[in-house]
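1. Pasting the sequence and the predicted model now:
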Amino acid sequence: MTVLPWIGPPQMAEQNLSHRLDALAELVKIGRLHEETKTAAGFSKSLLDDSDAVLRRAGERLRLSGNHTVVALAGGTGSGKSTLFNALAGATFSQPGVTRPTTRHVHACVWGMQGAAPLLDWLGVQRRHRYARASALDSGESALDGLLLLDLPDHDSVVTASMAAVDRLSKLADMLVWVLDPQKYADASVHNRYLIPLAGHAAVFTVVLNQIDLLPEDQVKDCENDLRRLLDAEGLADTPVLPVSARTGAGVEELRELLVEAVSANRAAGDRISADIDSVAGGFDVYAGPQVAPDAALASLAAATGYELSAPVPGDAGSARPPWELSEDDALAEPGRPPWEDATPDG
Ligand SMILES: Nc1nc2c(ncn2[C@@H]2O[C@H](COP(=O)(O)OP(=O)(O)OP(=O)(O)O)[C@@H](O)[C@H]2O)c(=O)[nH]1
Ligand SMILES: [Mg+2]
């Protein structure tokens, strides 16, 4: 095993994330061995495939620029994504329009381009749709240094390639800003296809209620409250709702502030990976059986399959902690080379 050189005090959040990824990779390895040896009933194939996808995405994202936060503007056609993109970028980079749908290709605006190119390649943004804000030159813009903002095509038009692009990028972006409008904010296409299935990602979502200039003032609050209730009922209580008008600029400053916070905390990429791990981790619960010490549980799984555990399994006897959640001591242990670091862009 390659031992990585110690280069400074451990970053607890990153350490915890890498240990969770290690443990998930270990579970997948055991599950795959079950499949091969057919020694006992193993984890379901779809759970293993989903876990593999999480590991692959995490491995790829962690290898790419850690200085950038990828934020995607998503939503139905005509909700105002491109208009909002331009308002944030301070220039008309993505043409808005009245013909539906307008945006056919993903557009990107990057604040601080250095190191962003491989990330843009991974996201699949064509070179002619990449724009840069030279933050050092744009006064007042340096707070957004590290933001990589995407204007997505719509997910609800007749253009099937657009929906495929949204499906793909909603899995890759670190943060998603769902741009809804007063006419279609309850539209099933966004709630059933994205918001409800991804409710575990509530913390990396923001919902913008755009076009509030079209509503009488007293109706803005009603509409916002209604949308809030809807999101709460869908399990998205952690998702903020911002009333905005991309046309008049109302609320755009608040959205910019939220993005500044995300960029300066530089945590969105890790938070997204954590939410992805959560989304599959629950799937392993049904295999847990009676609560036993995690090390005993993993050891018996390993014995049944002949799998050799690469490291002692953490956890104290009697604890209900799942095997991949490590104690503080374990988290501080010197890391080996994680298996998910082997992931390649083509899988
Ligand atoms: N009144 C008003 N109109 C807006 C607002 N935001 C966008 N629009 C208008 O709505 C129309 C659609 O805006 P776009 O920005 O092209 O919408 P989009 O979501 O990018 O649409 P697609 O690219 O088709 O997905 C344009 O005519 C915009 O001028 C807003 O806040 N208020
Ligand atoms: Mg557009």
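-> Here it is on my side, so go on. Ligands and ions are numbered 1, 2, ... in the order given.

2. hey, let's count contacts and neighbours off CA atoms from now on
-> Fine.

3. Could you check what's spatially nearest to residue 228, not counting adjacent residues?
-> residue 241 (6.9 Å; C-alpha to C-alpha, 6 or more residues apart in numbering).

4. Does that neighbour touch residue 226 like I think?
-> No - Residue 241 lies out of contact with residue 226 (C-alpha atoms under 8 Å); the separation is 10.8 Å.

5. Alongside ligand 1, which residues does the chain contribute?
-> 76-83, 96-98, 100-103, 153-154, 210-211, 213-214, 245-247 (C-alpha under 6 Å from any ligand atom).

6. which stretches of the stretch 151-300 of the chain have low pLDDT?
-> 289-300 (pLDDT under 70).

7. Run through the strands of it in chain order.
-> If DSSP state E, counting those that start in this stretch is used as the criterion, the strands of the stretch 151-300 of the chain fall at 175-180, 205-209, 241-243.

8. Let me have those strands in CSV, adding mean neighbour count as columns.
-> As requested, these are arranged in CSV below (neighbours: other C-alpha atoms under 10 Å):
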stretch, mean neighbour count
strand 175-180, 25
strand 205-209, 24
strand 241-243, 21
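
9. ok, now how distant is the residue most central in space within the chain from residue 98?
-> In the chain, the centroid-proximal residue (C-alpha atoms, centre = their mean) is residue 272; its distance is 3.6 Å. Per C-alpha to C-alpha, to the nearest Å, residue 272 is found 34 Å from residue 98.

10. For residue 30, give its distance to residue 91.
-> 52 Å.

11. Name the residue in these two with the higher neighbour count.
-> Neighbour count, other C-alpha atoms under 10 Å: between residue 30 and residue 91, residue 30 has more, with 24 against 12.

12. name the helices or strands packed onto whichever strand or helix holds that one?
-> Remark: residue 30 resides in helix 12-37, with elements defined by DSSP states H and E. On a contact count with 3 or more C-alpha pairs under 8 Å, 6 or more residues apart in numbering; DSSP states H and E, helix 12-37 meets helix 45-63, helix 268-281, helix 294-305, helix 328-332.

13. go with 6 Å
-> If you count contacts as 3 or more C-alpha pairs under 6 Å, 6 or more residues apart in numbering; DSSP states H and E, helix 12-37 packs onto no helix or strand.

14. That one: which residues count as buried?
-> For helix 12-37, the neighbour count (16 or more other C-alpha atoms under 10 Å) marks 15-35 as buried.

15. Report the contact partners of residue 269.
-> Neighbouring residues of residue 269 by C-alpha atoms under 6 Å, 6 or more residues apart in numbering: residue 174.

16. if you set the cut-off to 8 Å instead, what comes out?
-> 61, 66, 69-70, 174-175 (C-alpha atoms under 8 Å, 6 or more residues apart in numbering).

17. Provide the backbone phi and psi angles at the nearest residue to residue 69 once chain neighbours are set aside.
-> Nearest residue to residue 69, sequence neighbours excluded (C-alpha to C-alpha, 6+ apart): residue 147, at 5.2 Å. When read as degrees, to the nearest 10, the backbone of residue 147 gives phi -80, psi 130.

18. Can we start the residue count at 5 from this point?
-> Noted, 5 is the first residue going forward, which turns the last one into residue 151.

19. Quick check, residue 151 in contact with residue 76.
-> No - look at residue 151 against residue 76 with C-alpha under 8 Å: they stay out of range, at 10.4 Å.

20. who has more neighbours, those two?
-> Neighbour count, other C-alpha under 10 Å: between residue 151 and residue 76, residue 76 has more, with 28 against 25.

21. hang on, that one in a helix?
-> No - according to DSSP: H, G, I helix; E, B strand; the rest coil, residue 76 belongs to no helix; its state is strand.

22. tell me the contacts of the nearest residue to it once chain neighbours are set aside?
-> Leaving aside its chain neighbours, residue 76 sits nearest to residue 154 (4.5 Å; criterion: C-alpha to C-alpha, 6+ apart). Residues near residue 154 by C-alpha under 8 Å, 6+ apart: 74-77, 89, 110-113.

23. How is residue 154 assigned, secondary-structure-wise?
-> strand.

24. what pairs with it across the strands?
-> residue 76, residue 112 (DSSP bridges).

25. Look at it and report its pLDDT.
-> On pLDDT, residue 154 comes in at 98.

26. can I see the domain layout of the chain?
-> Here the domain parsing of the chain from automatic domain parsing is 16-67+288-346, 73-269.

27. Does the last one reach ligand 2?
-> Right, the one you point to is domain 73-269. Yes - contact of domain 73-269 with ligand 2 (C-alpha under 5 Å from the ion) involves 86, 107.

28. for that domain, how far is the first residue from the last?
-> Termini of domain 73-269 sit 10 Å apart (C-alpha to C-alpha).

29. can you give me how far that domain is from the chain middle?
-> Relative to its parent chain, domain 73-269 has a centroid offset of 14 Å by C-alpha atoms, centre = their mean, to the nearest Å.

30. now stretch 61-72
-> 11 Å.
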